[in-house]
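Trainee: I'll drop the sequence and a predicted model, then ask my questions.
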Amino acid sequence: MNRTRRSFRVNLSRLALLLGGVLALLTPSLAYALDNAEMKALLEQLDERQRSSGDYKALAYIEQKEEGKDDLLYEAVIYRRDGNDEMVILFLRPKSEAGKGYLRIDKNLFLYDPTVGKWERRTERERIGGTDSRRQDFDESRLAEEFTPTYVGEEELGKFKVHHLQLDAKADADVAYPIIHLWVDVETGNLLKQQEHALSGKLMRTAYYPKWEKLYSESKQADLYFPNEIRIYDEVETGNSTTIVLQEVDLSTLDDAIFTKAWLESKSR
């Protein structure tokens, strides 16, 4: 009887070790969990690295793929003045879209359509140019300002070790989606993957950032980081995707007139 009990206890111990190992494989590692201060610092770093203390201009190529339709390629110029929360997106191609543009000013996003000569206020959920891109894909990053983070775990994303964070929008934040999941490279601090969810938890978009580049900014006396490419996948209309390629980034001072409705209207005349 005693031998049977000892054998039973040994088997229970082995089972506990086995279950513990399985759970360790299935559960994200919290061995290096970031605390609230560290998560806030990480978000602030993501914001600061992408923010220009002066002006910013970039040429954007936007490729839209939709199930059952021909691929579309757009060319646009992005103008930003991060210190004033100002941004302009001016479409150059195709010809049917030339002169159309977006203006963000005073936390409002406006669309100008030259075919009707009218301005319309748009929401943060606006599909820029009808693609799967949003304002946030071109604008400065405001993660620390607009979201509260929760640490999910340290994980593997392909060959990269990453911090996985869940962000919940603050009550007064005007954002496209109220829940975001981020995967940030532990070694470089680069954002590698982002998933956006509706309030119900439904997954709406997944974006990958395969390559980051940096450019020294004289105005901030530090490097400015920008994603050379963003690959966005529509999780609602599966099969639809958008690829954004940013080139010719220029941090020279821009004309004040660019960030006005009058300037954008003049581009279509």
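Mentor: Cool, got the structure.
Trainee: which stretches in the chain count as strands?
Mentor: For the chain, the strands defined by DSSP state E occupy 55-65, 72-81, 86-93, 101-105, 108-113, 118-122, 147-157, 160-169, 179-185, 191-197, 203-217, 222-234, 241-250.
Trainee: so which of the ones you listed comes closest to residue 138?
Mentor: strand 72-81 (5.0 Å; C-beta to C-beta). Glycine gets a C-beta too; all of them are placed from N, C-alpha and C.
Trainee: so residue 137 sits right up against residue 128, yeah?
Mentor: Yes - using C-beta atoms under 8 Å, residue 137 is in contact with residue 128, at 7.4 Å.
Trainee: possible to save the strands of the chain as TSV with mean neighbour count, mean pLDDT and distance to residue 261?
Mentor: Shown next, in TSV, are those (neighbours: other C-beta atoms under 10 Å; pLDDT from 0 to 100; distance: least, C-beta to C-beta, whole Å):
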stretch	mean neighbour count	mean pLDDT	distance to residue 261
strand 55-65	19	97	19
strand 72-81	20	97	14
strand 86-93	21	96	10
strand 101-105	22	95	6
strand 108-113	17	95	7
strand 118-122	12	95	6
strand 147-157	16	97	30
strand 160-169	18	97	29
strand 179-185	20	98	31
strand 191-197	20	98	29
strand 203-217	16	96	28
strand 222-234	18	96	27
strand 241-250	18	97	23
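Trainee: which stretch among those comes nearest residue 141?
Mentor: For the strands of the chain, proximity to residue 141 was assessed by C-beta to C-beta; strand 191-197 is nearest, at 8.6 Å.
Trainee: what pairs with that closest one, parallel or antiparallel?
Mentor: Its sheet considered, strand 191-197 pairs with strand 179-185 (antiparallel), strand 203-217 (antiparallel) by DSSP bridges.
Trainee: closest to residue 226 out of the ones you listed?
Mentor: Nearest to residue 226, of the strands paired with strand 191-197 and by C-beta to C-beta, is strand 203-217 at 6.0 Å.
Trainee: the strands of the chain: which one's closest to residue 40?
Mentor: With C-beta to C-beta as the measure, strand 147-157 is the member of the strands of the chain nearest residue 40 (7.0 Å).
Trainee: how far does the closest one sit from its chain's centre?
Mentor: The chain centroid and the centroid of strand 147-157 are separated by 15 Å under C-alpha atoms, centre = their mean, to the nearest Å.
Trainee: tell me what that strand is packed against?
Mentor: helix 36-50, strand 160-169, strand 179-185 (3 or more C-beta pairs under 8 Å, 6 or more residues apart in numbering; DSSP states H and E).
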